[in-house]
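Novice: Sequence plus the predicted model coming up.
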Amino acid sequence: MNTPDSSTRTALVVGASGIAGSAIVEQLTAQDWDVVALSRTPVPGSTARHVAADLRSAESLAAALAPERPTHVFFTAWSRQATEQENIEVNAGMVRNLLAALANAPVEHVALMTGLKHYLGPFEAYGQGDMPDTPFREEEPRLPVENFYYAQEDELWAAAGRQGFRWSVHRAHTVIGHAVGNAMNMGLTLAAQAAICRETGRPFVFPGSQTQWNSLTDMTDATLLAEHMVWAATTEAAGNAAYNVVNGDVFRWRRMWPALAEHFGLEWEGYQDAPRPLEEQMRGAEDVWARIVERHGLAEPDLTRVASWWHTDADLGRPIEVVADMSRSRLAGFTGYRRTQDCFTDLIDRYRTEHIIP
């Protein structure tokens, strides 16, 4: 990885308080970059300069970013909407508004985080119809369905053509990392499930499909994603390309689930006959969580900010194998690697230390 010159490089991290954004902020500040963190709330414990703005308002962004002169932009924000058409309007609009607000800034590179719904389709058509064979490769054509990831890419490319910056797109699989209040947070969701199971004397029950239980899969650690995005943004030969970003190992949930249960100190149950979604398993668990919070003095009393049952159900309930190919990154020189089981256990231990979970 090229070593950035902190005297001339300023990073704007959009969605800085989320799983991916906070990991990027942490990495860049450790490397002595000048970091501007754009998010609704400041990144806890960060020395980055915080800027608040409404990504859906071109006027708000223009006013907030007028004094800023970023050379590198890392876009990790998204807003979940009721339909894919609304997802396109809102999320592509946020990219368009942000880059328009930076039209006069000395931007050299914009890194956009998306995900494997590029290959799987949007939530409305998730895993339906014809999809490419696994492992997914970046050169696969777009699916013949509307997808806000495609619309975001189109906005990125159009702005790059007008403004002359390099770009990169980073297609992560399920991201596990440190954040609270994130809409898609499997690591903390499973930790909350485990705490509620312990409190109620229930086993740790796998919520997903038979295919997910038995098939190979992979994941993306937020710190690896941050490394990858900074690598692409600071390596000139890596620019103007889309990349899959996964840890580098593969696993089966039938082996990972017992390992997580052991780390939580719980009995477990695997797939049995049909999926057992968390939205059903954890229905009415708010009072249980309140008891756990009071007994252990936990930091976050709002279960909806801790667990995103719907997202973990969607991820683990898929009836298809999902594995991504990293060859394009390897051939371009990126060698980052994580063992997913270690990512889970390290994250769980960090949440315990910070009194997010018992």
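Specialist: In hand now; what should we look at?

Novice: for stretch 26-38, the distance to its chain's centre please.
Specialist: Chain-centre distance of stretch 26-38: 18 Å, with Cα atoms, centre = their mean, to the nearest Å.

Novice: Can you give me the end-to-end span of that stretch?
Specialist: The first and last residues of stretch 26-38 sit 14 Å apart, counting by Cα to Cα, to the nearest Å.

Novice: do stretch 242-251 as well
Specialist: 24 Å.

Novice: before we move on, what about stretch 80-98?
Specialist: 18 Å.

Novice: buried stuff in that stretch?
Specialist: In terms of neighbour count (16 or more other Cβ atoms under 10 Å), stretch 80-98 has its buried residues at 84, 87, 88, 90, 91, 92, 93, 94, 95, 96, 97, 98. Quick note: C-beta positions are derived from backbone N, CA and C, even for glycine.

Novice: any chance of those in JSON lines, with secondary structure and distance to residue 325 too?
Specialist: Below are these laid out as JSON lines (DSSP: H, G, I helix; E, B strand; the rest coil; distance: Cβ to Cβ, whole Å):
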{"residue": "84", "secondary structure": "helix", "distance to residue 325": "26"}
{"residue": "87", "secondary structure": "helix", "distance to residue 325": "26"}
{"residue": "88", "secondary structure": "helix", "distance to residue 325": "27"}
{"residue": "90", "secondary structure": "helix", "distance to residue 325": "30"}
{"residue": "91", "secondary structure": "helix", "distance to residue 325": "25"}
{"residue": "92", "secondary structure": "helix", "distance to residue 325": "26"}
{"residue": "93", "secondary structure": "helix", "distance to residue 325": "31"}
{"residue": "94", "secondary structure": "helix", "distance to residue 325": "29"}
{"residue": "95", "secondary structure": "helix", "distance to residue 325": "26"}
{"residue": "96", "secondary structure": "helix", "distance to residue 325": "30"}
{"residue": "97", "secondary structure": "helix", "distance to residue 325": "33"}
{"residue": "98", "secondary structure": "helix", "distance to residue 325": "30"}
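
Novice: which of those lies closest to residue 107?
Specialist: Of all the buried residues of stretch 80-98, the one sitting nearest residue 107 is residue 98; the distance, using Cβ to Cβ, is 10.5 Å.

Novice: Would you confirm that the closest one contacts residue 14?
Specialist: Yes. Using Cβ atoms under 8 Å, residue 98 makes contact with residue 14 at a distance of 6.1 Å.

Novice: Which residues are in contact with each of those two?
Specialist: Residues touching both residue 98 and residue 14 by Cβ atoms under 8 Å, 6 or more residues apart in numbering: 55, 73, 75.

Novice: Can you tell me which of the residues you listed end up in helices?
Specialist: Secondary structure from DSSP state H places none of the shared contacts of residue 98 and residue 14 in helices.

Novice: all helices for the stretch 1-150 of the chain, in order.
Specialist: Here the stretch 1-150 of the chain has its helices, by DSSP state H, counting those that start in this stretch, at 19-30, 58-65, 84-87, 93-101, 117-120, 148-163.

Novice: got it, and the stretch 201-350 of the chain?
Specialist: Taking DSSP H, counting those that start in this stretch, the helices of the stretch 201-350 of the chain run over residues 210-214, 222-234, 253-264, 278-281, 286-296, 303-306, 309-316, 327-332, 340-353.

Novice: ranking these by burial, who's on top?
Specialist: helix 222-234 (a mean of 25; mean count of other Cβ atoms under 10 Å).

Novice: quick one: average confidence on that one?
Specialist: Helix 222-234 carries an average pLDDT of 98.

Novice: oh, and call the first residue 11 from now on, that's how I've got it
Specialist: Understood, numbering begins at 11; the last thing we discussed is helix 232-244.

Novice: Can you tell me which helices and strands it packs against?
Specialist: helix 29-40, strand 82-85, strand 119-125, strand 176-182, strand 185-186, strand 251-255 (3 or more Cβ pairs under 8 Å, 6 or more residues apart in numbering; DSSP states H and E).

Novice: can you list the weak-confidence ranges in the stretch 161-310 of the chain?
Specialist: Low-confidence segments of the stretch 161-310 of the chain, defined by pLDDT under 70: 193.

Novice: my guess is residue 71 meets residue 105, correct?
Specialist: No. Applying Cβ under 8 Å, one finds residue 71 not in contact with residue 105, separated by 11.1 Å.

Novice: rewinding a little: export the shared contacts of residue 108 and residue 24 as TSV, with columns for pLDDT, neighbour count and distance to residue 315.
Specialist: Listed next are the shared contacts of residue 108 and residue 24 as TSV, based on pLDDT from 0 to 100; neighbours: other Cβ atoms under 10 Å; distance: Cβ to Cβ, whole Å:
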residue	pLDDT	neighbour count	distance to residue 315
65	96	25	20
83	98	26	27
85	98	27	23
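
Novice: Pipe these into TSV and attach distance to residue 240 per row.
Specialist: Shown next, in TSV, are the shared contacts of residue 108 and residue 24 (distance: Cβ to Cβ, whole Å):
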residue	distance to residue 240
65	22
83	12
85	14
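
Novice: What is the nearest of these to residue 191?
Specialist: residue 65 (16.5 Å).
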